[in-house]
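Asker: the sequence and its predicted three-dimensional model are supplied below.
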Amino acid sequence: MAEISLTFPDGNSRSYPQGVTPAAVAESISKSLSKKAISATVDGAHWDLQWPIEGDASIAINTMQDEDAALELIRHDLAHVMARAVQAIWPQTKVTIGPVTEYGWFYDFDRAEPFTPEDLGQIEAKMKEIIAARDPVRTEIWDRDRARQHYADAGEPFKVELVDRIPEGAPIRMYWHGDWQDLCRGPHLQHTGQLPADAFKLMGVSGAYWFGDVNRPMLQRVSGVAFRNRDDLKKYLNFLEEAAKRDHRRLGREMDLFHMQEEAPGQVFWHPNGWTVYTTLQDYMRRQQRRGGYVEVNTPQVVDRKLWVASGHWEKYQENMFIVEVDEEHAREKAVNALKPMNCPCHVQIYNQGMKSYRDLPLRMAEFGSCNRYEPSGALHGIMRVRGFTQDDAHIFCTEAQIESETARFIEFLSRIYSDLGFPEFEVLFSTRPEVRAGSDETWDKAEAALLSATRAAGIEPRVNPGEGAFYGPKLEFTLTDAIGRKWQCGTHQVDFVLPERLDAEYVGADGAKHRPVMLHRACLGSFERFIGILIEEHAGKLPFWLAPRQVVVASITSEADDYVAEVVSALAEAGVRAEADMRNEKINYKVREHSVGKVPVILAVGHREVEERTVTVRRLGEQRTEVTALDQIVAALAAEATPPDLR
RNA sequence: GCCGGUGUAGCUCAGCUGGUAGAGCACGUCAUUCGUAAUGAUGGGGUCGGGGGUUCGAGUCCCUUCACCGGCACCA
């Protein structure tokens, strides 16, 4: 029999018969390794212990110490164990797919009855039984007809479809966990007893379309999380609790920033505190835009259908628009208007007033554009995904030759803003031409090259997202990562060849002839609503001092200090600090607690001593420590801190 | 939009198998003037998300509708 040579991680090689399995290799090394082994890595591929190795290769035997392999196997085997448990309890359930996710797995089932949250406990108990049974896992490769027939006989139509979808030439692997069988690409553990029975948890039930397609049946997804040990699971559950505490919907209420109500779903009622954050951020953006060479405009909310037809929105975006019909007395038919879902068509109207020359370009037109989109009800989420919002929007009208320099300029503009707002790091995604598109290949070549080279010139290598560009042009998307690792796409920069054409924008070139400008759609924050939501969650409500809605509370310890409290508050207000007095007849403990819960960054406590010495006792949010400081000193210090980053 | 869940006082939540709504916090009043995360007493506050039905009787059961939550789909 032919021999092959396997090279171990330490560099040593040994020869084995061709077709040897990693299980046998582990066995040949030591009894204990063969027990502990969970899988192998063969030439970089994750390899089942039962799969034969047919040629010379590098090999490493994985154990639970190898985190990546261990987590993948634990989660993947748990998916199978769960599906088995579900079919054991409800035999009529049809199985579909059960992949590994970031922290666990899910399995989609087809069953007439819905799973209830109470069912989860039962499923979990059954899973633990299966783990305790230490059932062996085995695998075979079948041919397509046999696999298809097997699933057809078993009444598993989804599996039949999966068999059909496996590409020609790829092995069709059948797996057994004990006597329970599933189609699976593997790899899997040796036996169910290798699963940690105390390190997983079922998290919930939800709906999911088969293959993500709205037109296909809706399945029931049961999902879980799993780790290598109980501590890791606990850590993860803790993390979820922490994330829940940062939830902007909860903090929005606790900090009295905004509320939402049934009568205006997906729209924000900004309270004084929240509106302070909003306007502070907007003031900052307005200064940045002026500095960045933009002109600011403002355009109508309710616009006649004619414009949306011309721009193409009526055809492509209508179901997302709020339509407003107006019955006018002498008109033949109702006037049909729509609330603007985007600002671009209106900006072109301003551009089109008067003849533009190439000397006017690039023309950077910004608007804090208030838009309304009829988002599907299921998409709404706090102030992050809403139906009424304001974008920090701008359109740059320029020539094709200016795309590159304007892109570079925008990336610089956005970098500074993100850095000021506490996000020095961001990722860039570059979406290239889709199948269906407007504009010539030559134009696309130029635009894509311009975006790419401008991004690279900024020292950023974008991740390419092939074919995901808009039909009207390629785009860059800018994504922030927050303090707990979640990603938020905020900024965007899109080239548009189509809208200037549709809305007939033109300029007179140096040659005296008329030309089409290119439009660049761009935003940094995206929408104020969403960005403020991100800021709240990023900082867990403890916003940077300059953005904090209530910056300072001056709290009296005894009512004899009231006059001095008022004096301190007005000194701070005079210096541009948002300060308020708390002269209520309450103990200082009570006041400190209340304002700490309200995330006020600085509490100044004053009693007899402070009145006499003209000082204040400073307590910063989250610190136990207090510090006595002279009044004029703290006023100057807080005034400096309250200054927005761009004015320092 | 789809699947599932939830909706009781401003907030967080209790209210068993139907018998006519309750706590803590918040708010008002009074007392207390207090040194860094809840002082005490006392008072007011709910057509139980909306509509319809079953029933002698509905917060509780049924239907319907709206909103929210978790996913899926969507985010040209």
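Answerer: It's in.
Asker: for the closest residue to A:T139 other than its chain neighbours, grab the count of nearby residues.
Answerer: Of all residues not flanking A:T139 in the chain, A:Y175 sits nearest, at 5.0 Å (Cβ to Cβ, 6 or more residues apart in numbering). C-beta here means a position set from N, CA and C on the backbone, and glycine is covered the same way. Using other Cβ atoms under 10 Å, A:Y175 has 21 neighbouring residues.
Asker: does A:Y175 sit in a helix, a strand or a coil?
Answerer: strand (DSSP: H, G, I helix; E, B strand; the rest coil).
Asker: hmm, it is touching A:R138, no?
Answerer: Yes: between A:Y175 and A:R138 there is a contact at 7.4 Å, judged by Cβ atoms under 8 Å.
Asker: where does chain A get nearest to RNA strand B, which residue?
Answerer: A:G378 (1.6 Å; Cβ to the nearest atom of the strand).
Asker: isn't there a helix covering that residue?
Answerer: Yes: read with three-state DSSP, A:G378 is one of the residues of a helix.
Asker: what sits against it?
Answerer: Not one residue lies near A:G378 by Cβ atoms under 8 Å, 6 or more residues apart in numbering.
Asker: can you give me phi and psi for A:K475?
Answerer: Main-chain dihedrals, A:K475, degrees, to the nearest 10: phi -150, psi 160.
Asker: any idea which element the nearest residue in space to it that is not next to it in sequence lies in?
Answerer: Of all residues not flanking A:K475 in the chain, A:Q494 sits nearest, at 3.9 Å (Cβ to Cβ, 6+ apart). Using DSSP states H and E, A:Q494 sits within strand A:487-496.
Asker: just the buried residues of that strand, please?
Answerer: Under the neighbour-count criterion of 16 or more other Cβ atoms under 10 Å, strand A:487-496 has A:488, A:490-496 buried.
Asker: quick one: these as TSV, columns for distance to A:T299 and pLDDT too.
Answerer: Below are the buried residues of strand A:487-496 laid out as TSV (distance: Cβ to Cβ, whole Å; pLDDT from 0 to 100):
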residue	distance to A:T299	pLDDT
A:W488	27	90
A:C490	23	95
A:G491	22	95
A:T492	19	96
A:H493	21	96
A:Q494	19	95
A:V495	22	94
A:D496	17	93
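Asker: which one among these gets closest to A:N589?
Answerer: Using Cβ to Cβ, A:W488 comes nearest to A:N589 of these, at 37.9 Å.
Asker: RNA strand B contacts on the stretch 251-400 of chain A?
Answerer: Residues of the stretch 251-400 of chain A lying close to RNA strand B by Cβ under 7 Å from any atom of the strand are A:253, A:260, A:262, A:265-266, A:313, A:316-317, A:341-342, A:344, A:375-382, A:385.
Asker: can you map out the strands along the stretch 151-300 of chain A?
Answerer: A:172-177, A:180-183, A:200-209, A:218-226, A:258-259, A:269-270, A:295-296 (DSSP state E, counting those that start in this stretch).
Asker: walk me through which strands the third one pairs with, and which way each runs.
Answerer: What that stands for is strand A:200-209. Take DSSP bridges as the rule and strand A:200-209 pairs in its sheet with strand A:218-226 (antiparallel).
Asker: go on, the last one?
Answerer: In the sheet, strand A:295-296 lines up against strand A:363-372 (parallel) (DSSP bridges).
Asker: which is the next helix or strand following the strand it pairs with?
Answerer: strand A:388-398.
Asker: could I have the CA atoms of that next one written out in PDB?
Answerer: Only the C-alpha atoms of strand A:388-398 are listed here, as PDB (Å, rounded to 0.1, in the frame of the first residue of the first chain):
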ATOM      1  CA  GLY A 388     -38.300  60.600  10.100                       C
ATOM      2  CA  PHE A 389     -34.700  61.600  10.300                       C
ATOM      3  CA  THR A 390     -32.200  64.300   9.400                       C
ATOM      4  CA  GLN A 391     -29.100  63.500   7.400                       C
ATOM      5  CA  ASP A 392     -25.900  65.500   7.300                       C
ATOM      6  CA  ASP A 393     -26.200  65.300   3.600                       C
ATOM      7  CA  ALA A 394     -24.300  67.000   0.800                       C
ATOM      8  CA  HIS A 395     -23.900  66.700  -2.900                       C
ATOM      9  CA  ILE A 396     -20.800  67.700  -4.700                       C
ATOM     10  CA  PHE A 397     -21.300  68.700  -8.300                       C
ATOM     11  CA  CYS A 398     -18.100  68.300 -10.100                       C
END
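Asker: what angle sits between that strand and strand A:487-496?
Answerer: 40 degrees (axes from the mean of the first three to the mean of the last three Cα atoms, to 10 degrees).
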